[in-house]
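1. test case, fold it:
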Amino acid sequence: MSRVILSCVSAALAAASSGAAAQVPLAGADTLRLATAVAVALDSNPMLRAVRAGVVAAGERVGPAGAWPDPQLQFALLNREAGDLGSTMDPMTMNQVQLTQMLPWPGKLGGASRAAEHGAAAAAAEADEQERMLAARVRMAYFETAFADRAVAVMERTRGLLRDLLEVATVMYSVGEAVQQDVLRAQVEVARMGEEVTRTGQMRVAAAARLNALLGREAPGAIPALELPDWPADELPVVDTLVAWALVGRPALVARSERVAAADASLAAARRELYPDFELGVAYQRRPLYPDMVSVMVGVNVPLFAGNKQLPLRREAAAMREMAAAELTELRAETVARLVELRARAVRDRNLGQLYRGSILPQAQAAVGAALAGYRVGRVPFMQLVDNQMTVNTYEIEAYRLLADYHQTVGEVEALLGRTPEGGP
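-> Next comes the predicted model:
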């Protein structure tokens, strides 16, 4: 009986040890690829559609901003007798047609037009930023779901092993070759692993719901198996290179620069508000009993209330320009700091992941083998085998966690750079 039990334990632990080193296989044709997920999100995400519509709207503001005011055409019946509107006997009676046109001071419309152009360019850059941030969010949800798939697979395999060991411990206890504590401990580990499977499975449901929302789908929709690429051959570029790329190529920084340019143009136009606008007019008067007449008019607006109108507008434009410049400076500093943080995280994940794969996992698996050999000769207690195998599976899950975190980090780096970093997956 003891030899049979020992053979069962050895076979179960050997299968678990070999399985711990293997990668969880991906589905075949029904696997949702990352590139496909990003393309679907960029095509169907409702918020991105709203941002793109805003770009169109901003572009349509450029023409009206630089256009002259509409001319005014007036018709009038002048100097009619109150008691007899149809009478034309009075010499001052006439029918008048008048056309007037407002001519803004040179530079006012040009400044407004340039501000609108820079505003439209900023809106386009902000839409590009939204696209890249959406791709990063898709990547976050995608790899979170991919990690959950692999973690659940590892946990299911571990739970199956624990059930086998529980059965072995029960048989050994029944024949007096094990203590009740081994049986109780195995039962606890089976129950705990079931709890972990449930928790991670629900985490997968939540991550898949986020991914569906980003793809413009119903949240409860099914998400097939997802890919989790291996570590790339090259590391991310050094921080100085990443920062240089981001300061030139990040769409959000381009947008803020355009906002500063728009504020400059608005300030230039506001400084001209004190200058008068001209109004030109021409009128034709037809008199029924006398010769027709023509009138020409020229007028200017007088800024009598500049203290309550034009000057506050100028100060507002100056404050808006200062705000735009400060926001640009703050975003640059934030971008640099975030890139330093992300690259440090990527280096940490990569180094730890390779340490797990090249050293920690093999050593943990070797510990399982040594414990199994000791158990066969009665030198290692039964539950030490369980503890060693649980350690292997914990390290395997952590290795998947580090790999998924690395790919998520690279996705955010791409969004900040406005390009794909060399060495990224």
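2. how about the helices of the stretch 151-300 of the chain, start to end?
-> 180-214, 239-249, 251-271 (DSSP state H, counting those that start in this stretch).
3. who wins for proximity to residue 61 among those?
-> The stretch from the helices of the stretch 151-300 of the chain with the least distance to residue 61 (C-beta to C-beta) is helix 251-271; that distance is 11.0 Å. Just so you know, the C-beta spots here come from the backbone N, C-alpha and C atoms, and that holds for glycine as well.
4. chain center to that closest one: distance?
-> 24 Å (C-alpha atoms, centre = their mean, to the nearest Å).
5. okay, the helices of the stretch 151-300 of the chain in JSON lines with mean neighbour count, mean pLDDT and distance to residue 361 next?
-> Output for those, formatted as JSON lines (neighbours: other C-beta atoms under 10 Å; pLDDT from 0 to 100; distance: least, C-beta to C-beta, whole Å):
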{"stretch": "helix 180-214", "mean neighbour count": "17", "mean pLDDT": "86", "distance to residue 361": "19"}
{"stretch": "helix 239-249", "mean neighbour count": "16", "mean pLDDT": "92", "distance to residue 361": "30"}
{"stretch": "helix 251-271", "mean neighbour count": "22", "mean pLDDT": "94", "distance to residue 361": "40"}
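6. mind putting those into JSON lines with distance to residue 118?
-> Shown next, in JSON lines, are those (distance: least, C-beta to C-beta, whole Å):
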{"stretch": "helix 180-214", "distance to residue 118": "31"}
{"stretch": "helix 239-249", "distance to residue 118": "18"}
{"stretch": "helix 251-271", "distance to residue 118": "4"}
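7. low-scoring pLDDT stretches of the chain, where are they?
-> For the chain, the stretches with pLDDT under 70 are 1-30, 83, 85-86, 88, 177-178, 219, 375-378, 422-425.
8. follow-up on the earlier one: closest to residue 227 out of the helices of the stretch 151-300 of the chain?
-> Residue 227 lies closest to helix 180-214 among the helices of the stretch 151-300 of the chain, at 13.3 Å (C-beta to C-beta).
9. so the residue of the chain most remote from its centre, which state does it fall into?
-> Taking C-alpha atoms, centre = their mean, the residue of the chain most remote from its mean C-alpha position is residue 89, at 77.7 Å. When classified by DSSP: H, G, I helix; E, B strand; the rest coil, residue 89 comes out as coil.
10. for it, give me its contacts.
-> Listed by C-beta atoms under 8 Å, 6 or more residues apart in numbering, the contact set of residue 89 reads residue 289.
11. and the gap between it and residue 291?
-> Separation of residue 89 from residue 291 (C-beta to C-beta, to the nearest Å): 16 Å.
12. on that earlier part again, how about the helices of the stretch 151-300 of the chain, which one is nearest residue 150?
-> When the helices of the stretch 151-300 of the chain are ranked by proximity to residue 150 (C-beta to C-beta), helix 180-214 comes first, at 9.8 Å.
13. quick one: list the elements packing against that closest one.
-> When contacts are defined as 3 or more C-beta pairs under 8 Å, 6 or more residues apart in numbering; DSSP states H and E, helix 180-214 sits against helix 108-174, helix 382-417.
14. so for residue 284, which of those helices sits nearest?
-> helix 108-174 (28.8 Å).
15. what distance separates the closest one from the centre of its chain?
-> 11 Å.
16. who are the packing partners of it?
-> Contacting helix 108-174 under the criterion 3+ C-beta pairs under 8 Å, 6+ apart are the following elements: helix 2-21, helix 34-44, helix 46-60, helix 62-66, helix 180-214, helix 251-271, helix 382-417.
17. which residues sit against stretch 145-158?
-> Counting by C-beta under 8 Å, 6+ apart, 16, 19-20, 24, 193, 196-197, 200-201, 203-204, 207-208, 211, 223, 225-228, 389-390, 393, 396-397, 400-401, 403-404 sit against stretch 145-158.
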